[in-house]
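**Student:** Got a predicted structure plus its sequence, pasted below:
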Amino acid sequence: MNQRRKTIGKLDILQFLIMAALLVFMILMLTAGNSKVVPMSTIEAGMEEIPSVKELTKKDMNDVAKTFSVDTSLIDEGIYYRVDDIMNVNELLILRIDDDDNRQKVIEAVNKYLKEKTDSFNGYGTNQYGLLSSAVTTERGTYFFYGVSEDVLEWETAFLKLIR
């Protein structure tokens, strides 16, 4: 009888460890892809430390509305940079949108804009077409990142570090 109690005790410990591991796994799965809410001013300051972002001109939400044909009332916060030269396609857009439906609408508008702009350079603007074809869009938690540049991967990495 005493031997059986030790076996049951070992099984209880094993069951407890398995349950604890499952709980940790579930928590990690639920929080994967989420990000903390960081003030846009902090993200903006971090992004402006990158030399290639400093070369861009900061725009406002009215420019976001005009450029991407999107209702800015769907956006909680955002920053937008681009060059005013029509042949220069470098631009950076970072948005925080809390509502999932609104975020999807804005992402669809940005993707439509990107496709139209890419198509407009197809056939004659090979450098621009290449950059637009390599544009990066990333959705992390309530944030959306869109960038076009030779340095876009550096931008994306900096952005992701800022919201961790």
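**Tutor:** On my side now, so go ahead.

**Student:** wait, isn't residue 107 in contact with residue 139?
**Tutor:** Yes. Between residue 107 and residue 139 there is a contact under C-beta atoms under 8 Å: 6.8 Å. C-beta: built from backbone N, CA, C; applies to glycine.

**Student:** burial count for residue 96?
**Tutor:** Residue 96 has 21 neighbours, counted by other C-beta atoms under 10 Å.

**Student:** need the contact list for the closest residue to it other than its chain neighbours.
**Tutor:** Leaving aside its chain neighbours, residue 96 sits nearest to residue 77 (4.5 Å; criterion: C-beta to C-beta, 6 or more residues apart in numbering). Contacts for residue 77 (C-beta atoms under 8 Å, 6 or more residues apart in numbering) come out as 40, 95-96.

**Student:** quick one: residue 77 and residue 142, what's the gap?
**Tutor:** Distance of residue 77 to residue 142, given as C-beta to C-beta, to the nearest Å: 9 Å.

**Student:** One more: residue 42?
**Tutor:** 15 Å.

**Student:** next one: residue 53
**Tutor:** Taken as C-beta to C-beta, the span from residue 53 to residue 142 is 21 Å.

**Student:** So for those two, which sits in the more crowded spot?
**Tutor:** Counted by other C-beta under 10 Å, residue 53 and residue 142 do not tie: residue 53 has more neighbours, with 22 against 19.

**Student:** Quick check: closest non-adjacent residue to the more buried one.
**Tutor:** According to C-beta to C-beta, 6+ apart, the nearest residue to residue 53 is residue 47 (5.1 Å).

**Student:** Could you pull out the helices in the protein for me?
**Tutor:** 2-31, 40-47, 51-54, 61-68, 100-121, 126-133, 152-162 (DSSP state H).

**Student:** can you pull the alpha-carbon coordinates of stretch 51-67 into CSV?
**Tutor:** Extracted in CSV, the C-alpha atoms of stretch 51-67 (Å, rounded to 0.1, in the frame of the first residue of the first chain):
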residue,chain,number,x,y,z
PRO,A,51,19.4,58.4,-41.2
SER,A,52,17.3,57.3,-44.2
VAL,A,53,14.1,58.2,-42.3
LYS,A,54,15.5,61.7,-41.6
GLU,A,55,15.7,62.2,-45.4
LEU,A,56,11.9,61.9,-45.7
THR,A,57,9.4,64.7,-45.0
LYS,A,58,7.0,64.2,-42.2
LYS,A,59,3.3,64.5,-43.3
ASP,A,60,0.1,64.7,-41.4
MET,A,61,-3.1,62.6,-41.3
ASN,A,62,-4.7,64.7,-44.1
ASP,A,63,-1.9,63.5,-46.4
VAL,A,64,-2.6,59.9,-45.2
ALA,A,65,-6.2,60.4,-46.2
LYS,A,66,-5.3,61.8,-49.6
THR,A,67,-2.5,59.4,-50.4
